[in-house]
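*Asks:* Sequence and predicted structure are below.
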Amino acid sequence: MTAPSSRLIDAFLGLYGELKRHLRRRTGDSSRAEEVMQETYLRLLETDSRLQQEQIRDQRAFIFRVAGNLAIDVARREQRAGGNGEPDPQQADPVAGPERNAIAQDRLRQLDEALRELPPNARLALLLFRVDGLSHALIARRLGVSESMVAKYLAQALRHCRDRLGPI
């Protein structure tokens, strides 16, 4: 059986080592990183069959975004399972009631407001770091600033969100 060949899969294979190192740092575990790599490959195969190649402008960014999202999914699955595949007996009912939903919606609204209050570079640095999982060096290149400035932006953003939102 021959492996499917496409520009997206070829880009994934070209980024394999870099992406695996990124995921190993992000997940903290080689086996989790390998699991995410496999899921990423499968997701890219699905995506490739649905999309025209021209619809993806930056294949590297797209591949890293897919892998990052899948890493988050794996972490959430493990967290829900209590890390051992078994549901956590101390965890509340997985079906949130109306009160929990209202509280969660309110927290989300507060976070959105706090993020909107941030200066644009601080907000973008925080989102690129926390959501996209980019390194300080990559964020610095994107924003056209030094890595130390990125660290300052992140500290500013995190301090602002902490002060605005208080304890979780």
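*Replies:* Arrived safely.
*Asks:* can you pull the buried residues of the worst-scoring helix or strand of the chain on mean pLDDT?
*Replies:* Least confident helix or strand, the chain: helix 30-50 with a mean of 84, by mean pLDDT, DSSP states H and E. Using 16 or more other C-beta atoms under 10 Å as the test for burial, helix 30-50 gives 32, 33, 35, 36, 37, 39, 40, 41, 43, 44, 47, 48. Glycine gets a C-beta too; all of them are placed from N, C-alpha and C.
*Asks:* tell me the contacts of the first one?
*Replies:* In this case it means residue 32. Residues near residue 32 by C-beta atoms under 8 Å, 6 or more residues apart in numbering: 23, 71, 74.
*Asks:* wait, doesn't the last one sit right on residue 27?
*Replies:* Yes: with contacts counted by C-beta atoms under 8 Å, residue 74 reaches residue 27, the gap being 7.0 Å.
*Asks:* Need the overlap of contacts for these two.
*Replies:* If you check residue 74 and residue 27 against C-beta under 8 Å, 6+ apart, the residues they both contact are residue 36.
*Asks:* quick one: low-confidence parts of the protein?
*Replies:* 1-5, 48-54, 82-96, 167-168 (pLDDT under 70).
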